[in-house]
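> pasting the sequence and the predicted coordinates here, then a few questions.
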Amino acid sequence: MKTVLAIDDDKTTLGILESQLNSLGYRVVTERSSVRGVEIAKEFPPDVILLDLNMPVMGGFEVMSALRREKQTKGVPVIMLTVNKDKETVVEAMRHGAIDYIVKPYNVDKLNLKIKAAINYGGAKKQQNTDVFIEITRKGEMGVITMTGGIRDKGVQNDVKTVFNQFFMKQVHGKPVILDIKGMNDFNGDDVKELIRILAMFADSKIMIVTGKHYGTIVSSSDLEDSVELFLSYGDLELALN
C-alpha cells in the first residue's frame, strides 16, 4: 500500500483528501502544520507528498526547499495542491522541487492519475544511473526519452551521438515520442536552440515534451513545430493520453 502525506492548513481539505484517497487504496497521513509536515516526511518518508502552496509560518515553496535539503526526503515526489491557476506559479513551484500540480477544486480521478504518475516517477528516479544522461524506456508503442544534466554539456552531447544512432532512429521513425527534460539543468536561450536541434532529428515523429521548470523558457525562446506538444508535468501528459 502506497503512502500519501498531505500537508495543508485547511482542515476541511485534509478531511476530504483523506476520505477520497483511503477509498482509492492509499495509506493517508495528514498534517495542518507545514513545519510538522516536513518533520513527518523526514521520520517516515512517504511515497508522495500533496502540498498546499499558501500556508502560514512556512509556505509551500519553503517546504519544498526544506525537503530537497534532506537526504531522507529529497527523492520524494511532491505534487503542489493549490488554488493558483497561472503557469508562472506552477513553473516556480517546479523550480523549488515539485514535479506536478493540481488546482483546487480538483477531479479525484485526475488527482489519482497524477499521484500514480508521481509515484512511478519517484521509483524510476531511484533506479536512474547518474552516469547516463539519456535513458530510453517504452510506454506502449511510444518511446520515452529521459534526459538529465546540461543539454550542451559534453556528457549529454556524447550520449546524443551514442543513443540516437541509426538503429534507434529507425525504430522510432514516424512514431510518437515522449521527451522528458524536466530533470535537466536550467535552460537559457542557447540551450533551447540545442533542444530544437535535437528535436529536428525526430522530424517525422509526434513529439510530446515534459518540460517541468523549463516551460517558460522554451515558450519564450522558440517557435516550435506543430508536431511538438508541451506538457508541464508527466501527470498532464498522462491525462492527455487517457
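Received, thanks.
> what residue of the chain is the furthest out?
The centre of the chain is farthest from one residue, residue 166, which by CA atoms, centre = their mean lies 29.6 Å away.
> if I look at that residue, how far off is residue 228?
In this view, residue 166 and residue 228 are 23 Å apart by CB to CB, to the nearest Å. No exception for glycine: its C-beta is placed from N, CA and C like everyone else's.
> which ones are touching the residue farthest from the centre of the chain?
Counting by CB atoms under 8 Å, 6 or more residues apart in numbering, residue 166 touches no other residue.
> quick check on it: phi, psi?
phi -60, psi -40 (degrees, to the nearest 10).
> how far away is it from residue 176?
According to CB to CB, residue 166 stands 20 Å off from residue 176.
> can you pull out the strands in the protein?
3-7, 27-31, 48-52, 78-82, 100-103, 134-139, 142-147, 177-180, 207-210, 228-231 (DSSP state E).
> what's the least confident stretch among those?
For the strands of the chain, mean pLDDT drops lowest on strand 134-139, to a mean of 88.
> what distance separates that strand from the middle of the whole chain?
Taking the mean C-alpha point of strand 134-139 and that of its whole chain, the gap between them comes to 16 Å (CA atoms, centre = their mean, to the nearest Å).
> partners of it in the sheet?
Applying DSSP bridges, strand 134-139 is found paired with strand 142-147 (antiparallel).
> show the pLDDT at the residue farthest from the centre of the chain.
pLDDT, residue 166: 89.
> low-confidence stretches in the protein?
For the chain, the stretches with pLDDT under 70 are 124-130.
> closest to the centroid, which residue in it?
Nearest to the geometric centre of the chain sits residue 99, at 3.2 Å (CA atoms, centre = their mean).
> and that one, how far from residue 34?
Separation of residue 99 from residue 34 (CB to CB) stands at 19 Å.
> again with residue 102
18 Å.
> over to residue 160?
For residue 160 relative to residue 34 (CB to CB), the value is 41 Å.
> likewise for residue 188?
To residue 34, residue 188 is 33 Å away according to CB to CB.
> more neighbours, those two?
Between residue 188 and residue 34, counting by other CB atoms under 10 Å, residue 34 is the more crowded of the two (21 against 12).
> which ones are touching that one?
For residue 34, counting by CB under 8 Å, 6+ apart, the contacting residues are 7, 9, 52, 55-60, 62-63.
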